[in-house]
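In: Prediction below, plus the sequence it came from.
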Amino acid sequence: MKNLKKVLGIGIIAIAGFLVVVAADHIDAPAVQGGTSDITDFYAFQGENTNNLVFVANVQGLLSPSATSNTSFSENVLIEFNIDNNGDFVEDLVIQAIPRDGKMYFFGPVAPSQTGLNSTIATNAAVGGVVDITTGPNAIVSTNAGMNFFAGPRDDPFFFDFAQYSQIIGGMATSFNNPGSDTFAGTNVMSVVVEVPKSLIGGSGTINTWVESKTK
Amino acid sequence: MKNIKIVALAIAVSLMAFNCNNDDDNKLPTGPDFSGTYTQADQMGRPAVNTVFVSSGSKDMFNTTIPSAQNAAFQSMFQTNLTALSPAYANPGDENALGLDAAAFTGVLATDVLNVSLDGTTTFFDGTNVLTGRNLSDDVITVELLLIFGGEDFTENPTLSDDHVDANDKPFLTSFPYLAAPWM
């Protein structure tokens, strides 16, 4: 009980220090929130074919079903998967995804021409692919050189009783509910999914990976 | 009204462009234009890191700091915010279930990358494997709440260490693209 009171007290103070409207990475910062470059989530996992790794980047979260049909990827937003395979937290390889005229183009995995905050599109990459951007419930996928590609709206895979978390952080509640309520139920995101042979990203061992949105 | 005017203007411009195009239809078709420089707007490795550990005035800066520079720039802020948020680190020597005290835990988190194994099971945490990737089905929020509030053995602050939402609202697919169809 002591701990609980402590948390409650701290929570009231903490409301100034913590942004109260965010989740995995949905609407995480003022410059990107609600826009076409706002990353909501990032996943990396072994594929159905265990020789492959799958990268998922989701942007533009909390889309209602009606809003989803009016939502598209921005041609000014590059989605870049970064892969560090020597442990220095600097990208050794990138996979770039950028839309043009209803298609999502993928370049890489390829060593970037420069690391860091600025990128140019690696149009000279030896590997990559292109897929028609899906607009409805049926996923359009494509395959090239052992890689699989998808881009379009999907159900937001994230789940969290974010509303109750906000109540706790705001000092208006002292505990989660059981069962909780998934704040993200019934909402969609714009997803980019790419599955690549592990041999193209280092083969074995542990990689560090992260996703970036970059705007022109 | 503004939008309608803009749309009307866009249509007029595109009609003109089409007309112009007719005059030089002997030009070869060109591929999409991928030129130019793209500058970082948002960045993410592990779930909820910017949300929970970065103070409100620094969130944009965190998103535009490269991972190799994040520890030096943000570890101290992360530790301050972690200890303010959770009583599980209140006493000297307090650790989480990974054996990390507040400084060590925030030292890991401040560099916002996802560690992924290329050699087998990928999961945020499945009871055995720790931080070897992130599956769609991983209950990452409860894992993070346990590491923030749960103390050395996941038993501290039980009302705060589990949101009791354990799975997605739609089943995932076993095949590519793995994510469930959108709500339409």
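Out: Perfect, I can see it now. This structure is a prediction, so every number in the text was calculated from the model and none was measured.
In: Return the residues in contact with residue 78.
Out: As the question left the chain open, I've gone with chain A. Counting by CB atoms under 8 Å, 6 or more residues apart in numbering or on different chains, A:L78 touches A:Q96, A:A97, A:I98, A:S119, A:I121, A:S213, A:K214, A:T215, A:K216, B:Y38. Every residue, glycine included, has its C-beta placed from N, CA and C.
In: meant chain B, my bad for not saying
Out: For B:F78, the contact set (CB under 8 Å, 6+ apart) comprises B:F53, B:V54, B:T106, B:L109, B:A110.
In: Would you check that the fourth one makes contact with B:P47?
Out: By that I understand B:L109. No: using CB atoms under 8 Å, B:L109 makes no contact with B:P47, being 11.0 Å away.
In: ok, stretch A:123-142 near chain B or not?
Out: Yes: counting by CB under 8 Å from any CB of the partner chain, chain B has neighbours in stretch A:123-142: A:T123, A:G136, A:P137, A:N138, A:A139, A:V141.
In: how many other residues sit next to the third one?
Out: Right, A:P137. As a burial measure, A:P137 scores 15 neighbours (other CB atoms under 10 Å in any protein chain shown).
In: and it, what is it in contact with?
Out: By CB under 8 Å, 6+ apart, the contact set of A:P137 is B:A181, B:P182, B:M184.
In: So how do I select the buried members of those in PyMOL?
Out: The following PyMOL line selects those of the contacts of A:P137 that are buried, judged by 16 or more other CB atoms under 10 Å in any protein chain shown:
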select buried, chain B and resi 181+182
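In: The contacts of A:P137: which ones sit near chain A?
Out: Taking CB under 8 Å from any CB as the test, chain A is in contact with B:A181, B:P182, B:M184 out of the contacts of A:P137.
In: In helices, which of the residues you listed fall?
Out: Residues of the ones next to chain A among the contacts of A:P137 located in helices (DSSP state H): none.
In: Can you verify my assumption that B:G45 contacts B:L114?
Out: Yes: counting by CB under 8 Å, B:L114 is a contact partner of B:G45 at 4.7 Å.
In: biggest strand in chain A, by residue count?
Out: Identified as the longest strand of chain A according to DSSP state E is strand A:52-63.
In: what's the neighbour count on B:K170?
Out: Neighbour count for B:K170, taken as other CB under 10 Å: 18.
In: any idea how far A:F89 is from it?
Out: 34 Å (CB to CB, to the nearest Å).
In: swap in B:V116?
Out: Per CB to CB, B:V116 is found 14 Å from A:F89.
In: Which neighbours do those two have in common?
Out: A:N208.
In: tell me the strands in chain B, going along the chain?
Out: Along chain B, the segments classed as strands by DSSP E run B:38-44, B:114-117.
In: Let me have those in TSV, extended by mean pLDDT, distance to B:G127 and mean neighbour count.
Out: Formatted as TSV, the strands of chain B follow (pLDDT from 0 to 100; distance: least, CB to CB, whole Å; neighbours: other CB atoms under 10 Å in any protein chain shown):
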stretch	mean pLDDT	distance to B:G127	mean neighbour count
strand B:38-44	97	25	23
strand B:114-117	98	16	22
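In: And those strands: which comes nearest chain A?
Out: Closest to chain A of these is strand B:38-44 (CB to the nearest CB; 3.6 Å).
In: Does the closest one reach chain A?
Out: Yes: shown here: strand B:38-44 in contact with chain A (CB under 8 Å from any CB) through B:Y38, B:T39, B:Q40, B:A41, B:D42, B:Q43, B:M44.
In: would you put the C-alpha positions of that strand in PDB?
Out: Extracted C-alpha coordinates of strand B:38-44, given in PDB (Å, rounded to 0.1, in the frame of the first residue of the first chain):
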ATOM      1  CA  TYR B  38      15.700  12.600 -47.100                       C
ATOM      2  CA  THR B  39      16.200  13.900 -43.500                       C
ATOM      3  CA  GLN B  40      15.300  12.000 -40.400                       C
ATOM      4  CA  ALA B  41      11.900  12.700 -38.800                       C
ATOM      5  CA  ASP B  42      11.100   9.700 -36.500                       C
ATOM      6  CA  GLN B  43      13.200   6.800 -35.200                       C
ATOM      7  CA  MET B  44      12.300   3.700 -33.200                       C
END
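In: Off-centre distance for that strand?
Out: Strand B:38-44 sits 12 Å away from the centroid of its parent chain (CA atoms, centre = their mean, to the nearest Å).
In: tilt between it and strand A:52-63?
Out: 90 degrees (axes from the mean of the first three to the mean of the last three CA atoms, to 10 degrees).
In: Strand B:38-44 packs against which elements?
Out: Under the contact criterion of 3 or more CB pairs under 8 Å, 6 or more residues apart in numbering or on different chains; DSSP states H and E, strand B:38-44 touches strand A:39-46, strand A:77-84, strand A:118-119, strand A:206-215, helix B:59-63.
In: now B:G93: how far from B:A102?
Out: B:G93 is 10 Å from B:A102, where distance means CB to CB.
In: the more surrounded of those two?
Out: For B:G93 and B:A102, the more surrounded residue by other CB under 10 Å is B:A102, and the numbers stand at 19 against 7.
In: Enumerate every residue touching the nearest residue to the more buried one once chain neighbours are set aside.
Out: Residue nearest to B:A102 in three dimensions, not counting chain neighbours: B:Y89, with 4.3 Å by CB to CB, 6 or more residues apart in numbering or on different chains. Residues in contact with B:Y89 (CB under 8 Å, 6+ apart) are B:L82, B:T83, B:D101, B:A102.
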